[in-house]
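Novice: coords please:
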Amino acid sequence: MTRLLYPSLKKEFLLVSRDLHALLVLFVMPIAFILIMSLALQEQFKGESTLSIKGQLQDNSNSAFAQQITTYLESTPFVTLDSEVATPLFTLEFTPNLEQAIVGEFNGEPAIRIFYAAELGKRERALIQAAVQEAFAYINVNQTAEELGYDEEYAKTQLLKEGAVVTQDQLSNTEKASTPTSTQQNVPAWLVFAMFFVAIPISTTMIGERQQRTLTRLRTMAMSPAIWYFAKLLPYFIINICQMCLMLAVGVFIIPALGGEQLQLNVDFFALSLITVAVSISALGFAALVATLAKTTEQATILSGTGNILFGAIGGIMVPSFVMPEFMRWITLLSPMGWGLQGFLDVLVRRGDIQNILTEVIVLTTFGVLLMFISILLFKYQKESGR
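Specialist: Numbering: from 1, shown residues only. Okay, here's the model as predicted:
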């Protein structure tokens with residue numbers, strides 16, 4: 001029976017090489033997604049905020065303290081103050097009571113008023129209020145220290161207690177690496193997404209052969225369903241491996257050439273190969289089931305396309321799981337793409353070995369083999385019933 005395997009494999013490779021649309025979906029599409037998403041989101045993944053809240057300044061105080069508070073606020077990275085902003089997100093008004101509130105006894109009348117634009121969110125409003133209160137407190141403490149005969153340095157160290165609260169990174173190297181960079185997130189994410197798209201060309205060729213009565217000829221040749229499926233899926237397994245190599249090359253060479261962060265590959269390559277094989281088995285199992293269930297190419301396109309988009313949406317491909325609310329993160333466990341992405345992140349980001357990805361490998365392989373087994377049973381039924 002294996003004498004039939006080589007010509008079947010040859011036929012499948014020829015079909016794939018001539019299918020321009022399939023090659024575009026399997027290779028060009030994920031490369032485009034990787035480049036666009038990695039470069040567009042690199043600042044957000046770094047945690048470097050580009051938030052800039054523009055406000056308008058109204059000084060009705062005639063006080064030197066107004067300028068001191070303004071200077072302090074302008075040192076805040078997310079606040080921009082200008083008296084001539086066309087569409088301010090907030091307005092900061094220094095009232096005539098500002099001098100009295102700082103120098104004299106506070107009489108309960110507001111010294112500073114903040115007016116927010118209706119479209120400004122709660123988070124931004126809280127940031128502005130905290131920044132203004134901090135600036136007012138800083139100037140007020142300095143003035144109090146001066147009245148007591150102390151200098152600004154004394155106010156900082158003894159009254160404001162600067163240095164009492166410090167911020168520093170105390171995470172271990174493993175914990176630091178738990179959150180990926182933009183490149184580390186998007187390269188494996190869209191690689192996994194693309195690997196599952198083999199369902200489209202596989203189902204197209206299988207449906208075409210069904211319509212051409214290939215199954216009838218297979219009955220006369222006594223080819224077992226297992227051999228036929230193996231011949232169908234092996235070329236796409238090799239394509240999955242090629243996808244992995246090409247997408248990693250994009251992360252290592254092309255993204256840094258365009259100004260993005262380079263993907264580092266000082267990882268366990270055996271673990272990387274193992275998770276790639278597991279994801280491929282899972283993707284091929286899904287593709288086999290779609291190809292067996294669908295009766296037309298239109299049905300196959302809808303089933304595979306919709307299934308892949310849903311898997312990607314809930315699996316952390318389109319929205320990273322670490323930015324999801326806690327109650328939604330468990331949903332990623334329902335998607336084979338989620339398991340595959342976590343396996344790649346364990347290797348590429350957390351520098352894990354085989355032991356670290358063993359759970360993902362078992363889940364993905366079991367999922368793929370189970371769907372292949374179901375597909376073979378359905379195929380046998382179709383073959384025996386002449387469908």
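
Novice: separation between residue 385 and residue 320?
Specialist: 46 Å (C-beta to C-beta, to the nearest Å). (Each C-beta comes from the backbone N, C-alpha and C, glycine too.)

Novice: Look at those two and report which has more neighbours.
Specialist: residue 320 (19 against 7; other C-beta atoms under 10 Å).

Novice: Pull up the gap between that one and residue 37, please.
Specialist: Distance from residue 320 to residue 37, by C-beta to C-beta: 10 Å.

Novice: Tell me the helix or strand right after the helix or strand in which residue 228 is found.
Specialist: Assigned by DSSP states H and E, residue 228 belongs to helix 225-249. Sequence order places helix 255-257 as the next helix or strand after helix 225-249, per DSSP H and E.

Novice: For that following helix, buried residues please.
Specialist: Buried residues in helix 255-257, defined by neighbour count with 16 or more other C-beta atoms under 10 Å: residue 255.

Novice: which strands and helices sit next to that helix?
Specialist: helix 29-40 (3 or more C-beta pairs under 8 Å, 6 or more residues apart in numbering; DSSP states H and E).

Novice: mean confidence score for the helix it packs on?
Specialist: Average pLDDT, helix 29-40: 93.

Novice: same deal with stretch 328-336?
Specialist: 90.

Novice: can you pull the buried residues of it?
Specialist: 332, 335, 336.

Novice: dump the residue contacts of the closest residue in space to the last one that isn't next to it in sequence.
Specialist: For residue 336, ignoring the flanking residues on the chain, the nearest one in space by C-beta to C-beta, 6 or more residues apart in numbering is residue 282 at 4.6 Å. Contacts for residue 282 (C-beta atoms under 8 Å, 6 or more residues apart in numbering) come out as 196, 336, 339, 340, 364, 365, 367, 368.

Novice: What of residue 61?
Specialist: So residue 61 contacts 94, 95, 96, 97, 98, 99, 111 (C-beta under 8 Å, 6+ apart).

Novice: ok but it is inside a strand, no?
Specialist: No - going by DSSP: H, G, I helix; E, B strand; the rest coil, the assignment for residue 61 is coil, not a strand.

Novice: can you give me phi and psi for it?
Specialist: phi -100, psi -30 (degrees, to the nearest 10).

Novice: Run a quick check on residue 63 versus residue 98, I expect a contact.
Specialist: Yes - contact criterion C-beta atoms under 8 Å: residue 63 and residue 98 qualify, at 4.9 Å.

Novice: if you count what's nearby, which of these two comes out ahead?
Specialist: Counted by other C-beta under 10 Å, residue 63 and residue 98 do not tie: residue 98 has more neighbours, with 25 against 21.

Novice: What's the separation between the more buried one and residue 141?
Specialist: Counting by C-beta to C-beta, the gap from residue 98 to residue 141 is 15 Å.

Novice: now swap in residue 100 and tell me
Specialist: 17 Å.

Novice: so which helix or strand takes in residue 115?
Specialist: Using DSSP H and E, residue 115 falls in strand 112-116.

Novice: Paired strands for that strand, with orientation please.
Specialist: strand 90-94 (antiparallel) (DSSP bridges).

Novice: and the strand it pairs with, how far from the chain's centre?
Specialist: 38 Å (C-alpha atoms, centre = their mean, to the nearest Å).

Novice: Identify all contacting residues around the strand holding residue 115.
Specialist: 69, 89-95, 98, 125, 128-129, 132, 136.

Novice: what do you get for stretch 307-318?
Specialist: With C-beta under 8 Å, 6+ apart as the criterion, stretch 307-318 contacts 189-190, 192-193, 196-197, 199, 286, 290, 319, 324, 331-332, 334-342.

Novice: switch to 6 Å and redo it
Specialist: Stretch 307-318 is touched from outside by 189, 193, 196, 331, 332, 335, 337, 338, 341, with contacts defined as C-beta atoms under 6 Å, 6 or more residues apart in numbering.
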